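Novice: model the structure of this input:
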Amino acid sequence: MGNEAREAASTDNAADDALDCLRRRRPAAGQDPIKRRQILDGARRVFINMGFDAASMNDITREAGVSKGTIYVYFQNKEDLFEALIDEERQSIFAHLYEALEHDGDLREILIDYGVALAKKVTAPAVLRAQRTVIGICERMPELGLRFYERGPKRGHDKLMAFLARAVEGGKLAIPDLDLAAYQFGDLCTSRIFRQCLFGYRTTTPSDEEIREIVTSGVDLFMKAYAAGTSH
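Specialist: As a prediction, the model looks like this:
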């Protein structure tokens, strides 16, 4: 092989290597997290401003700054995109919420810490928007509401039930119906403020002081009702 042929072959090999390197660095179709984030952020703004029913894929493509073909690489349709957003919101809502239940210590203080975290979370503006969105769409997409509840509130409910069961086993509480008691606990810790915020009756976020007062009162009532030795 002559020098020119060897140089040409070397050049071709270098070009092939460069292309292979570029392919390895470039995410596969539908796997680029930056592009996915761009689409989700654009869709979130559209859904907030227009609502699910009024929003179209064309609106989302314009807001996200991508082509419709690109969106369909990542999401099958508007419903799939909406569900991905709701799943993100669910994870954000319930992240780190149950850490207080994983600690040992004074039962009353643990329940107050958990109740405060719960009340703050469910009355936060972003969380209220997410809950209203799910409520507004679950009649048309009941499976979405079902999955949101099972992967979020129901999972937290089960964690609280497990915590209360340990308290009962340790002789600290006497609870005949753990499932009902766990629901009662959540209602006590969010009394007044949750529904007022959810339905827009009040437009200001509850203060830390108000939340702690409500939660402390609720925990004391809960513990009095289910105190060890109480006859049910």
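
Novice: any low-confidence regions in the protein?
Specialist: The chain contains residues with pLDDT under 70 at 1-30, 230-232.

Novice: skipping adjacent residues, who's closest to the spatially most central residue of it in space?
Specialist: The residue lying closest to the centre of the chain (C-alpha atoms, centre = their mean) is Arg90, at 1.6 Å. Distances taken as C-beta to C-beta, 6 or more residues apart in numbering put Gly152 closest to Arg90, at 4.6 Å, once the chain neighbours are dropped. For glycine as for every other residue, the C-beta is placed from the backbone atoms N, C-alpha and C.

Novice: roughly how far apart are the one you found and Glu88?
Specialist: Counting by C-beta to C-beta, to the nearest Å, the separation of Gly152 from Glu88 is 12 Å.

Novice: please apply the same query to Asp179.
Specialist: Per C-beta to C-beta, Asp179 is found 29 Å from Glu88.

Novice: and Leu173, its phi and psi?
Specialist: Here is the backbone geometry of Leu173 (degrees, to the nearest 10): phi -140, psi 160.

Novice: that one: how many residues sit nearby?
Specialist: 23 (other C-beta atoms under 10 Å).

Novice: same question, Leu107
Specialist: Counted by other C-beta under 10 Å, the residues lying close to Leu107 total 17.

Novice: tell me the contacts of it?
Specialist: Going by C-beta atoms under 8 Å, 6 or more residues apart in numbering, Leu107 touches Ala167, Lys172, Leu173, Met223.

Novice: nearest to Phe194, of the residues you listed?
Specialist: Distance to Phe194, by C-beta to C-beta, is smallest for Met223 among the contacts of Leu107, at 20.9 Å.
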